[in-house]
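Enquirer: dropping the sequence and predicted coords here.
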Amino acid sequence: MPVVMDGSRIERTLRRIAHEILERNRDLSDMALVGIRTRGVVIAERLAAVLKEAGSVTMPVGSLDITLYRDDYMRTPVGPQPVVRSTDIRFSVEGRRLLLVDDVLYTGRTIRAALDAIIDYGRPRSIQLIVLVDRGHRELPIKADYVGKNLPTSQEQSVQVRLTEIDGLDEVQLEEGA
Amino acid sequence: MSGPTPVTALSGRHLLGISDLTPREITLVLDTADAMREVGERQIKKVPALRGRTIVNLFFEPSTRTRTSFEIAEKRLSADTLNLAVSTSSVVKGETLLDTVSNIEAMQPDMLVVRHASSGACEQLARHCRSRIVNAGDGLHEHPTQALLDAYTIRQHKGRLDGLQVAIVGDLLHSRVLRSNLLLLRKMGATVRVAAPRPLVPVGIEAMGAIPCRTIEEALEGADVVMMLRIQLERMQNNFFPSLREYFTLFGLTSERLALAKPDAIVMHPGPMNRGVEIASDVADGPRAVILEQVANGVAVRMAVLYLLGGSDE
């Protein structure tokens, strides 16, 4: 199965995204990163570290679990339900500019759920979307502001993002058979 | 070192009792309740997980705490809820339980939360109903969500359930809370000692895994958790002890007796409390009592149960 991004490519990509964030948002003082569990949180933490290294302010990082906001819960046959994990956002989202982070952008339904979830915590001034991989096949009108890699895929393929903190290595792999 | 794969779903369609749950399913409920508790701490205490689901709360016995707790849990998950109290239902006109529930089912609810004075009423309904049934207390049989919220509260304070010494004292004979707690705590590896006046000790309590003690002092010695049970005067047809005053003298939890338990022991009570009968007021309101936390955790645990049972069965 082809590895489309290795560890160094992922690292370079996150540095590039961090610089794009700096270019686009001159003042980061009212910004915060919110990662979508599980790998979005790791990417958000890495971006926060790169942004700090680049001399900007320490950006708070929150983690968001969107399970209770999924729109497919009532539609799937009885079986393993999505495991609910806690959301952990220790700052007020009210009036903040948020950077929402996920590993893969596909149909857009996860992002829709994440937007619903965030708005239950307050009214952010704006939300920008960061994804490591955009694989296309959108079912909702959602577009990322920062994309690590645009990866054309078929719907039969799946994109596996592996990150050291969770999976023991960094790579993005394209697999046959969704 | 990896342990057994965590379960991500309950195997049954209903929650009729702790006896139906495996230790891993119990852990799943408690872990899910952690996430649900976070929802309760938000400014907007509502998520759309059960939007479009209809849940009927069928309470054939009086209840404030459990019914309110279920209703709040249902509303926090965005379910549509309906409360049916027996005093306003056709049961008072002589309709049978199955007929009542059949009529309610004709209105297409998805889940029924049932409290009934008869042991086994929920199991009977589960055999006949299309809806999922959650047992909210049936007779002297089980009260599974109470045991789950008790376990959640214990885990919150002690970090674990296995290896704990739990003392359960009070009206053991009439308590469905005892039965569910005993099943759960034993499954999860805790040791349970029980104490009550002899007539209030059910036959075969040892076979259920409890260690009977003659005195409250014996049960409390070195306990990590002290769980007091209400004296259920409304269920007592006979005189089980001479007077409430004597009961308190022999089996009431006082601060002096509590000193026999471990210094960090917690005091629990499923409520409603009879102050001065099974528990002294200074203990009930003292720093080691987690009685109101039990109530708060009840909402999170019931949200977890409803969520885990509430998926589509299309």
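Expert: Nice, I can see it.

Enquirer: wait, residue A:111 sits on residue A:103?
Expert: No - under the criterion of C-beta atoms under 8 Å, residue A:111 is not in contact with residue A:103, lying 11.8 Å apart. All C-beta atoms are positioned from the backbone trio N, CA, C, and that covers glycine.

Enquirer: how many neighbours does residue A:111 have?
Expert: By other C-beta atoms under 10 Å in any protein chain shown, the residues close to residue A:111 number 23.

Enquirer: avg pLDDT for the longest helix seen in chain A?
Expert: When chain A is parsed with DSSP state H, its longest helix is helix A:7-24. Confidence for helix A:7-24, expressed as mean pLDDT, is 96.

Enquirer: following it, which helix or strand shows up next?
Expert: strand A:31-36 (DSSP states H and E).

Enquirer: so, in contact with chain B or not, the helix or strand containing residue A:113?
Expert: Element membership of residue A:113 [criterion: DSSP H and E] is helix A:109-119. Yes - where contact is defined by C-beta under 8 Å from any C-beta of the partner chain, part of helix A:109-119 touches chain B, namely A:116-117.

Enquirer: hang on, the earlier thing: show me what the longest helix of chain A is packed up against.
Expert: helix A:39-53, strand A:126-134, strand A:146-150, strand A:171-176 (3 or more C-beta pairs under 8 Å, 6 or more residues apart in numbering or on different chains; DSSP states H and E).

Enquirer: just tell me which of these ends up closest to chain B.
Expert: Nearest to chain B, of all these, is helix A:39-53, at 14.7 Å by C-beta to the nearest C-beta.

Enquirer: chain center to that closest one, what's the gap?
Expert: Relative to its parent chain, helix A:39-53 has a centroid offset of 11 Å by C-alpha atoms, centre = their mean, to the nearest Å.

Enquirer: same for the helix or strand residue B:283 falls within, what does it pack against?
Expert: Here residue B:283 sits within helix B:281-284, counting by DSSP H and E. Applying 3+ C-beta pairs under 8 Å, 6+ apart, one finds that helix B:281-284 makes contact with helix B:255-258.

Enquirer: so where is the stretch 1-150 of chain B shaky, pLDDT-wise?
Expert: Low-confidence segments of the stretch 1-150 of chain B (pLDDT under 70): B:1-6, B:87-93.

Enquirer: 90 - rerun?
Expert: Counting by pLDDT under 90, the ranges of the stretch 1-150 of chain B that qualify are B:1-11, B:42-44, B:61-64, B:84-97, B:100.

Enquirer: ok, now chain A?
Expert: For chain A, applying pLDDT under 90 flags the ranges A:1, A:26-27, A:54-57, A:70-86, A:176-178.

Enquirer: which among the helices and strands packed on helix A:7-24 is found nearest to residue A:13?
Expert: Among those, the nearest to residue A:13 by C-beta to C-beta is strand A:146-150 (4.1 Å).

Enquirer: how about the strands in the stretch 201-314 of chain B?
Expert: Secondary structure of the stretch 201-314 of chain B by DSSP state E, counting those that start in this stretch: the strands cover B:211-213, B:225-228, B:266-268.

Enquirer: quick check, central residue of chain A?
Expert: Nearest to the geometric centre of chain A sits residue A:102, at 1.2 Å (C-alpha atoms, centre = their mean).

Enquirer: who does the helix or strand hosting that residue pair up with?
Expert: Assignment of secondary structure by DSSP H and E places residue A:102 within strand A:97-105. Here strand A:97-105 is paired, per DSSP bridges, with strand A:31-36 (parallel), strand A:126-134 (parallel).

Enquirer: winner for burial among the ones you listed?
Expert: Stretch with highest mean neighbour count among those: strand A:31-36 (a mean of 24; mean count of other C-beta atoms under 10 Å in any protein chain shown).

Enquirer: chain center to it: distance?
Expert: Counting by C-alpha atoms, centre = their mean, strand A:31-36 comes out at 9 Å from the chain centroid.

Enquirer: ok, and what's touching that strand?
Expert: A:25, A:41-45, A:47-48, A:59-64, A:66, A:89, A:91, A:93, A:96-102, A:110, A:114, A:118 (C-beta atoms under 8 Å, 6 or more residues apart in numbering or on different chains).

Enquirer: now the angle from it to helix A:39-53?
Expert: With axes from the mean of the first three to the mean of the last three C-alpha atoms, to 10 degrees as the basis, strand A:31-36 and helix A:39-53 are set at 150 degrees to each other.

Enquirer: with just CA atoms, put strand A:31-36 into PDB.
Expert: In PDB, the C-alpha atoms belonging to strand A:31-36 read as follows (Å, rounded to 0.1, in the frame of the first residue of the first chain):
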ATOM      1  CA  MET A  31      -6.700  32.300  18.900                       C
ATOM      2  CA  ALA A  32      -6.900  28.700  20.100                       C
ATOM      3  CA  LEU A  33      -6.500  25.300  18.500                       C
ATOM      4  CA  VAL A  34      -9.200  22.700  18.900                       C
ATOM      5  CA  GLY A  35      -8.400  19.200  17.700                       C
ATOM      6  CA  ILE A  36     -11.000  16.600  16.800                       C
END
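
Enquirer: what pLDDT is listed against the residue in the stretch 151-300 of chain B that chain A sits nearest to?
Expert: Per C-beta to the nearest C-beta, residue B:300 is where the stretch 151-300 of chain B lies closest to chain A, at 11.0 Å. Residue B:300 carries a pLDDT value of 98.

Enquirer: next up, the contacts around it.
Expert: Going by C-beta under 8 Å, 6+ apart, residue B:300 touches B:33-34, B:36-37, B:39-40, B:73, B:149, B:152.

Enquirer: if we can go back for a sec, please identify the buried residues of the helix holding residue B:283?
Expert: Across helix B:281-284, burial judged by 16 or more other C-beta atoms under 10 Å in any protein chain shown covers B:283-284.
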